[in-house]
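Asker: What follows is a predicted protein model with its sequence.
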Amino acid sequence: MSSSLDELPAHVRLEAHATARDKAVAASDINPGLVILEVPSMVVLLLSSGKGRRCDFCLCAGTSEIRLARCTGCASYWYCGPQCQTLHWGSHKKFCKRLASFTASADFQCLEAHEQLDALLHTHLIAEISSNSPPDVRAKQLSTFMSLLPGPQHDSVPIACPMSVGANVHQTLEVLFTRSGNNNFAIHSHLTTVAHGIFPLASRLFNHSCLPNAAARYVIRRGQAVRMEIVALREIKATEEICISYVDPALIESRQQIFKLTYGFSCTCPSCNFIHTLGSIPSLPVSEAALAELDSALQTYCFPSDIDDRSLLAGLALPDLPENFHPVLHESYLLRLTDAFSRSSHKGSYHVALDAGLTVLAVYLLIYPANYPQIGMHLLEMAKTAWNAVIATEYDNAHDTLAKTSLLKRSRVYRNLASNILEIFGPEGDPAGPLEELAVLKKLLHEEPHDDK
């Protein structure tokens, strides 16, 4: 049976790997922003938070012009219109009439939230394999999917909605289950997770690194199946392995446990090796005063001089981090800062937000690789916060010209740095989004096109 591996992307070839089955390497030099791989989804599952707000097939959000229509069979799935419902019906009809009783059952209700998601994803997978979708496409995806390595063995096989399937599918249910849990991706729009999906070829090709040189983005368009694109974050030299991150690298304390339980491996990237050598991360200070002092010292260490729009925001290696800063590696430290940044921004305490945001940026530069999209998104939020502070300064004190000038400069710098990163990552998820926000902010800041150079 043919598989997607028979048609590898032009920039990729498979080679032997010392510990994994094999690895995808660059067949030639790859420039930042290049799409290395584009594949359609095999299965997608919209998160419950998106129900009634997004189409269960294409994942597009409803609008005032396009109101989502509810499936009258299960009353749980919503569609942009007849086209999306028809495209989804081949698999959805397999469980439509039984879904309500399944999700109301005691067996389903006793599951944890992530287990319920697994059960529904497995339901979608079984239905898709049994559907009447184009046989050549389905056969290739299934062949590639079945070639994936199984995840760690668990005590019980996850449940799925009962449905009528062929004997050949019944015989492979356990094989399917052992591969779906460790081979599904969080589908995001503007870096916010909206669904989970299975993309067999991406799972088959790319190994994990907490310092990846590529990242997944998703194309969400009305009336079309969701597509994944793997895009280069930096220059990748010929023969260099192409890696993506399976989990958020910011989960410093918990990611190794996730790797073992979900994927069955231990990560040995430079970042994880450094954390391993620490043994245990030193405790954070208890008092607010001591935490504030640590924040300020970290800013000084990461930004010894003022940031300008020519800053590369790279070169901070985690293994080089001085010992007195090791406590900032606690996940609770970053959570405290991001909460403070978000809360202060929404309350209008912009100067407090900008200070917390700068410390967040320092941590991001320590844990994320160059051009990682989360860095770009955070810089965009900081640029918007600085702009809001400009408006607040004009309103509160029209004569504070010095403060306004400083805030304008910071907003421009953050916007330009965000643009450098997000234009490499490219458009992602729903139409509009960060790139359009950058353009609007550029206009508000009265910049000319050449000012970003």
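Answerer: That came through, no problem. Numbering: from 1, shown residues only.
Asker: nearest residue to Thr239 other than its sequence neighbours?
Answerer: Ranked by CB to CB, 6 or more residues apart in numbering and with sequence neighbours excluded, the top spatial neighbour of Thr239 is Val25, at 5.4 Å. All C-beta atoms are positioned from the backbone trio N, CA, C, and that covers glycine.
Asker: Over to the one you found: give its phi and psi.
Answerer: Note on Val25: its backbone torsions stand at phi -120, psi 160 [degrees, to the nearest 10].
Asker: who's in contact with it?
Answerer: Shown in contact with Val25 (CB atoms under 8 Å, 6 or more residues apart in numbering): 12-15, 238-242.
Asker: Please identify which of these is nearest to Arg227.
Answerer: Among the contacts of Val25, Val12 lies closest to Arg227 (CB to CB), at 17.0 Å.
Asker: how much space between that closest one and Ala232?
Answerer: Using CB to CB, to the nearest Å, Val12 is found at 11 Å from Ala232.
Asker: Please identify which of the two sits among more neighbours.
Answerer: Ala232 (22 against 18; other CB atoms under 10 Å).
Asker: beta partners of the more buried one?
Answerer: On the basis of DSSP bridges, Ala232 is bridged to Ala214.
Asker: Could you pull out the strands in the stretch 1-150 of the chain for me?
Answerer: For the stretch 1-150 of the chain, the strands defined by DSSP state E, counting those that start in this stretch occupy 12-16, 22-26, 35-40, 43-46, 69-70, 78-79.
Asker: neighbours around Asn324, how many?
Answerer: Count around Asn324 with other CB under 10 Å applied: 12.
Asker: err, Pro427, not the other one
Answerer: 17.
Asker: Same question for the one 10 residues further on.
Answerer: A count of neighbours around Glu437, defined by other CB under 10 Å, yields 19.
Asker: ditto for Phe259
Answerer: Phe259: 19 neighbours (other CB under 10 Å).
Asker: Enumerate every residue touching it.
Answerer: Residues in contact with Phe259 (CB under 8 Å, 6+ apart) are 208, 246-247, 265-267.
Asker: Narrow the residues you listed to those in strands?
Answerer: Judged by DSSP state E, the subset of the contacts of Phe259 located in strands is His208.
Asker: before we move on, back to that, shared neighbours, Val12 and Ala232?
Answerer: 36, 242.
Asker: any idea how far Ala317 is from Pro40?
Answerer: Counting by CB to CB - Ala317 and Pro40 are separated by 38 Å.
Asker: May I see the strands of the stretch 1-150 of the chain organised as a markdown table, with distance to Pro322 and mean pLDDT added?
Answerer: Below are the strands of the stretch 1-150 of the chain laid out as a markdown table (distance: least, CB to CB, whole Å; pLDDT from 0 to 100):
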| stretch | distance to Pro322 | mean pLDDT |
| --- | --- | --- |
| strand 12-16 | 38 | 93 |
| strand 22-26 | 34 | 95 |
| strand 35-40 | 36 | 95 |
| strand 43-46 | 44 | 97 |
| strand 69-70 | 57 | 96 |
| strand 78-79 | 52 | 98 |
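Asker: Looking at these, spot the one closest to Leu379.
Answerer: Across the strands of the stretch 1-150 of the chain (criterion: CB to CB), the nearest stretch is strand 35-40, sitting at 22.9 Å.
Asker: Would you confirm that Ala340 contacts Leu354?
Answerer: No. Using CB atoms under 8 Å, Ala340 is not in contact with Leu354; the gap is 11.0 Å.
Asker: What is the neighbour count of Pro327?
Answerer: 17.
Asker: ugh, wrong one, I meant His92
Answerer: 22.
Asker: which ones are touching it?
Answerer: Applying CB under 8 Å, 6+ apart, the residues contacting His92 are 56, 71, 74, 77, 127.
Asker: tell me which of those residues is nearest to Pro322?
Answerer: Among these, and counting by CB to CB, the member closest to Pro322 is Asp56, at 50.0 Å.
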